[in-house]
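1. build me a structure from this.
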Amino acid sequence: MEKFYITPKGGLKIRFQGAADFGNVYKFMKLWLEDRGFADEKSLETKYTERRFGERKNLEIHWKGVHKISNYVSYHIEVTFLLLGISETEVQIGDIKRKLDKGDFELKIIGHIQYGTKDWEQYSFIDKIYYNLIMRKRLDDYKYDFYTVLYKFVDFIKERFGLRG
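-> Next up is the predicted model:
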């Protein structure tokens, strides 16, 4: 099994300080990934840690999503949320008062393509022929497609936080 990272190995970072409707952002990010086949309702979240300090709280959430393209290729996405000093605040938007979460929001997104799955390990000779004759040409297309999907996801998140004008 080999991995090809679409993002830098450290991941893409999105950082926002201020007030945002995190529950809404969380829900729409999850729906976005579910719609594109990276997860179902139960398989996305692998870690959820909440620590309370008086009226403030820190959250650490980790998601892992997999979109299987074929027996040989799959797209993997990991999202880590780190929310520090989150507290509820009321904000007046027009004539409406809304409760938003205020604090420091940091998201890290890592994406990689994995090829040569465990099913193919028993056929090492066939695996090498398949990779050299067919897969090497297709891998560039897969890289481009996943790159596009990944950066659309990042743009979607930035829009939800209001980081795009």
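2. quick check: the spatially most central residue of the chain vs residue 85, distance?
-> What sits nearest the mean C-alpha location of the chain, by C-alpha atoms, centre = their mean, is residue 79, with 3.7 Å. For residue 79, the distance to residue 85 equals 20 Å [C-beta to C-beta, to the nearest Å]. Placement of C-beta: from N, CA and C, glycine included.
3. downstream of the helix or strand hosting residue 29, the next helix or strand is which one?
-> If you go by DSSP states H and E, residue 29 is part of helix 22-35. Remark: after helix 22-35, the chain's next helix or strand is strand 45-53, criterion DSSP H and E.
4. just after that next one, pick out the following helix or strand.
-> Using DSSP H and E, the helix or strand that directly follows strand 45-53 along the chain is strand 56-68.
5. in contact with the residue nearest to the centre of the chain, which residues?
-> The contact partners of residue 79, by C-beta atoms under 8 Å, 6 or more residues apart in numbering, come to 29, 62, 63, 65, 107, 108, 109.
6. buried subset of these, written for ChimeraX?
-> Selecting the buried subset of the contacts of residue 79 in ChimeraX, with 16 or more other C-beta atoms under 10 Å as the burial test, is done by:
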select :29,62,63,65,107,108,109
